[in-house]
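Asker: give me coordinates for this.
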Amino acid sequence: MIKNKEKKFAKRLISLLNKRGFIVKAHKSKTSKSIYLKIDNGLIPNVRISDHKRYNDDNCKYNVIRKYDGPRIEIVKGKLKKYYQYASIGRLVTDIEIERSEKILRIGYQRYKDKLTKKNNSKKENIYQKKVA
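Answerer: All right, here's what the predicted structure looks like:
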């Protein structure tokens, strides 16, 4: 079975982020080859892996695009967007780690961990409530 390049890159990125202690969940787009990675249950901005640039609004700060040759950083409607090629996976991981460090410095380590576990526990409670109902 031949996998597309987006899936291969996503698996590689998820593996690298998991080794660094991130919780990563992948969601595949229904209409394109894009894959969205939710990091630390949304505490860190999402990563979008695709073969094309998206021009409409999305909440992904980090965009990995195959064969991208445009500006590395843009501000779109007041939001910072960073663009990477597949070959710059190291820079992407470093930027995500910096984002986490800045967030921990801003809100504190204990609050970060509390929010991370609170989001995990609330989802488990919702699943339990659905099963009971």
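Asker: please count neighbours and contacts with C-alpha atoms only from this point.
Answerer: OK.
Asker: remind me which residues of this structure are low pLDDT?
Answerer: Low-confidence segments of the chain, defined by pLDDT under 70: 1-3, 55-57, 119-133.
Asker: can you give me the strands in it?
Answerer: 24-28, 35-39, 44-50, 60-65, 73-76, 79-84 (DSSP state E).
Asker: adjacent strands (with direction) for the shortest one?
Answerer: Using DSSP bridges, the neighbouring strands of strand 73-76 in the sheet come out as strand 79-84 (antiparallel).
Asker: output the partner strand as CSV, nothing but the C-alphas.
Answerer: The C-alpha coordinates for strand 79-84 follow below in CSV (Å, rounded to 0.1, in the frame of the first residue of the first chain):
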residue,chain,number,x,y,z
LYS,A,79,-2.8,36.0,13.4
LEU,A,80,0.8,34.9,13.0
LYS,A,81,1.3,32.1,10.5
LYS,A,82,4.5,30.2,10.0
TYR,A,83,5.3,28.1,6.9
TYR,A,84,7.7,25.2,6.5
